[in-house]
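Student: Need coordinates for the following:
(2 chains)
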There are 2 protein chains.
Amino acid sequence: MSVESVESRNGNYPGLGIGQPVGVAILGKGTVGSEVLRLIQEFSENLEQRIGGPLEVRGVAVSNVEKHKNAPEVQGIELTDDARSLITRDDVDVVVEVIGGIDYPRELVLTALKAGKSVVTANKALVAAHGSELADAANEAGVDLYYEAAVAAAIPVVGMLRRSLAGDQVQRISGIVNGTTNFILDAMASTGATYEEALAEATRLGYAEADPTADVEGHDAASKAAILASMGFHTRVTFDDVSCEGITKITAEDIDAAKQSNQTIKLLAICERLYDEDGKTKAVNARVHPTLIPNDHPLASVDKSYNAIFVEAEAAGRLMFYGNGAGGAPTASAVLGDLVGAARNKVHGGRAPAENPYANYPVVGFDEVATRYHVNMTVNDRVGVLAELTRKFAEANVSLSAVRQEESGDEAHLIVVTHKALEKDLRDIVDRLSRHPDVQQVNSVIRLDA
Amino acid sequence: MSVESVESRNGNYPGLGIGQPVGVAILGKGTVGSEVLRLIQEFSENLEQRIGGPLEVRGVAVSNVEKHKNAPEVQGIELTDDARSLITRDDVDVVVEVIGGIDYPRELVLTALKAGKSVVTANKALVAAHGSELADAANEAGVDLYYEAAVAAAIPVVGMLRRSLAGDQVQRISGIVNGTTNFILDAMASTGATYEEALAEATRLGYAEADPTADVEGHDAASKAAILASMGFHTRVTFDDVSCEGITKITAEDIDAAKQSNQTIKLLAICERLYDEDGKTKAVNARVHPTLIPNDHPLASVDKSYNAIFVEAEAAGRLMFYGNGAGGAPTASAVLGDLVGAARNKVHGGRAPAENPYANYPVVGFDEVATRYHVNMTVNDRVGVLAELTRKFAEANVSLSAVRQEESGDEAHLIVVTHKALEKDLRDIVDRLSRHPDVQQVNSVIRLDA
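Tutor: Numbers count the residues shown, from 1 in each chain, chains lettered A, B, ... in the order given. Got it, this is the predicted structure:
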């Protein structure tokens, strides 16, 4: 194994010196940006002590200066709509990117890194799509790239993977990393509401955006899964590598059925290793889908819009982290923590451990992963159907851990829980059964946390 | 505010250079030391990639070389009983201290730091007693001092306070940080066992040591509370500053009464700020005592020997961390994470943020802290006793949130739950009541998590 993939400089990160100010440029002044500015002012003396020199905000880039110029947190601070000029100023050392979007912040972050500025970003979509390009640019320039806020806000899971577990082997990461969908599923479970009703309530309370697609289709969680898998497995996993199924098809009946079997449905981001016969890692997978978990699983009781992440590591065992996974203040807390780290390195010299994809495992799609299915079908109520349909599973080499038939009037429900099998085989048999003459309808397919 | 308390060097931490080996001396080869050695070998290629150069174990210091020389994890490694010579070798860069005890490891760690070696220790008693002396020596020499494993093993709470929350203001830390006592309290609650029975079971299963004093009297938790308070409040808090009450007086009746009121008794380490009238921090306190918490509190469901720590910060809100708080492998995971950090800094240059007690708040004893009491007294069963005794609380300026009287035969139990009041006032009134002619006995006093 070579160490060439590690940073290419040898202790060659000189500091500005104790007491020297650290210039900061902030890109974006939405909820998070405003809170970051407010906290920099409120905590200024503490931050100076922790960094070794004062933070000085050189400017804030916004698209519309007029709109923001009267905000209390920018009084005495230069507002500009020329982000490019701001980030390349000589007296800017660290750039904080809290704009959102992908293409425009990508260009700005790359410009900043290439100009020798360390970058702190809260932008999960950017990191999940272009993390490796950004990491390469940061390595090239010998500066820091931090993005703790991109995953679960102030829950310090990125830092934990980056540093605390640096001497361990992460085996699996699974977690609730999207507050909107957790709020919706929790509301459905606790009130019996339909998906549409719970979504409306989430929108009304500000937990869901006007266009909730990114949340409810699992895209937001998929970005976070990509980042977690990349850090945890030292392998570049991008958004496009993540298989993703949202919660829009989850019905009140699914929730009710889960409840009756002492289970809960959560939208989980799952990052796992696939092993060969010798127990060696042969590939990694990251995915997002609604998942049935037993009620006594610690993630089952994570309610409202909270986030929680389980990390299983070879020596550490199971660790869980829980907290507010979104919101202006928690996200700003994570940004500030990163900013202190980046600024401290600017003052004292040195550099944080970067993304380090040396392991470079193949990233496989969902089809290659072994999982478990909970299938609910409406079937014809005639003698022999149960035997006939369960035989079809056996023929497809999918063994069953439970089969239950429920009669109601003319129709019967067949509920099947499989043992672990390849996703593609499971999908295939369910697909074939959906066309079987005795199957009226496949009502739901929900995976178990295998 | 000056920044002189921060490290005294300016980016002057040159690295050995990429690909250079990092020499490691390991002091102690008990459960943790052996596991550290095993993991260094198992993960060697991964560690090299993450550090930027190979870890090379220069030697392991033990008190009895003969006893250890055939262990598989030390084959090909020098064993010595001369720890002082080992740690001052020129080719040793990082020293791992996993001996235990205080005076001897203190001397070794100081010697190592002064010789320019970075130090990783898992020794909570050492850090809680002499952390400031060690931190000063590390600052003086410009090297790293890491001790993630000293608190809750692989639960990365030290790193989180050191880095992730570096841009936030920690308000309160409360947690279950001792697995032995949590096992005992959980066993009492789930089986109805007495304290003595549960302790015997814990000993039988290896959760309690032959001499369980340090655990059951809360001393182990107090060391961890001192470390957490020091990191969280940027103020030096030592073991001697921590007020400490163990679990030895908790009875099956206490557990049962808690259960009947939907509460659970947990041994909590609590670190909190005391505020003046303007809401500014005027002092900090750290303490350990059995605590009544509601069953829906997330710490209530932490069972067996697990640890969990709640951190409340101004911007981040409430964060919880959960996992194995003890054991060879989880402790070794934390040691290895620190070792990678220290070794990486040796290769690349740079230095981790050190303990930084700039805030230097007064540390006040328990007497000055406002808390709440749950008091159970056996009182004479005569008319007017309830009124008389509750009047005594009022006279002492302690207001009550609940009063309940239970008759059984000739005697009556009076159960009183107070509002928040100064600990010294609460203690004082309970002490006076214990001598009141109508009070036969004070059965228990348990604090609430106020």
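
Student: Make sure I have this right: residue A:222 is in a helix.
Tutor: Yes - counting by DSSP: H, G, I helix; E, B strand; the rest coil, residue A:222 falls inside a helix.

Student: show me where pLDDT drops low in chain A?
Tutor: Scanning chain A for pLDDT under 70 picks out the ranges A:1-12.

Student: What residue in it is the furthest from its centre?
Tutor: residue A:383 (47.2 Å; Cα atoms, centre = their mean).

Student: where does that residue land in three-state SS?
Tutor: For residue A:383, the secondary-structure state derived from three-state DSSP is coil.

Student: how close does it sit to chain B?
Tutor: Residue A:383 sits 47 Å away from chain B, taking Cβ to the nearest Cβ, to the nearest Å as the criterion. (Each C-beta comes from the backbone N, C-alpha and C, glycine too.)

Student: And that residue, how far from residue A:394?
Tutor: 19 Å (Cβ to Cβ, to the nearest Å).

Student: For the nearest residue to residue A:77 once chain neighbours are set aside, what are phi and psi?
Tutor: Spatially, and ignoring its direct neighbours in sequence, residue A:77 is nearest to residue A:57 (5.3 Å; Cβ to Cβ, 6 or more residues apart in numbering or on different chains). Taking degrees, to the nearest 10, you get phi -80, psi 110 for the backbone angles of residue A:57.

Student: quick one: contacts for whichever residue of the stretch 151-300 of chain A sits closest to chain B?
Tutor: As assessed by Cβ to the nearest Cβ, chain B sits closest to residue A:167 within the stretch 151-300 of chain A, at 2.4 Å. Residue A:167 is in contact with A:315, B:39, B:43, B:47, B:50, B:333, B:335-340, counting by Cβ atoms under 8 Å, 6 or more residues apart in numbering or on different chains.

Student: Would you list the buried entries among those residues?
Tutor: Neighbour-count burial (16 or more other Cβ atoms under 10 Å in any protein chain shown) applied to the contacts of residue A:167 gives A:315, B:39, B:43, B:47, B:50, B:333, B:335-340.

Student: returning to what we had before: which residues are in contact with the residue farthest from the centre of chain A?
Tutor: Here residue A:383 is in contact with no residue (Cβ under 8 Å, 6+ apart).

Student: Same check on residue A:56?
Tutor: Per Cβ under 8 Å, 6+ apart, neighbours of residue A:56: A:21-24.

Student: Up against chain B, what does the stretch 151-300 of chain A have?
Tutor: A:153-156, A:159-160, A:163-169, A:234, A:298 (Cβ under 8 Å from any Cβ of the partner chain).

Student: So which of the residues you listed are in strands?
Tutor: If you go by DSSP state E, these have nothing in strands.

Student: Can I get the buried ones among these as something I can paste into PyMOL?
Tutor: Of these, the buried ones can be selected in PyMOL as follows, counting by 16+ other Cβ under 10 Å:
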select buried, chain A and resi 153+154+155+156+159+160+163+164+165+166+167+168+169+234+298
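
Student: and of the residues of the stretch 151-300 of chain A next to chain B, the nearest to residue B:109?
Tutor: Closest approach between those and residue B:109, by Cβ to Cβ: residue A:167, at 19.6 Å.

Student: And that closest one, its phi and psi?
Tutor: When read as degrees, to the nearest 10, the backbone of residue A:167 gives phi -100, psi 10.

Student: Which residue is the nearest non-sequential neighbour of it?
Tutor: Excluding the flanking residues, the one nearest residue A:167 by Cβ to Cβ, 6+ apart is residue B:336, at 2.4 Å.
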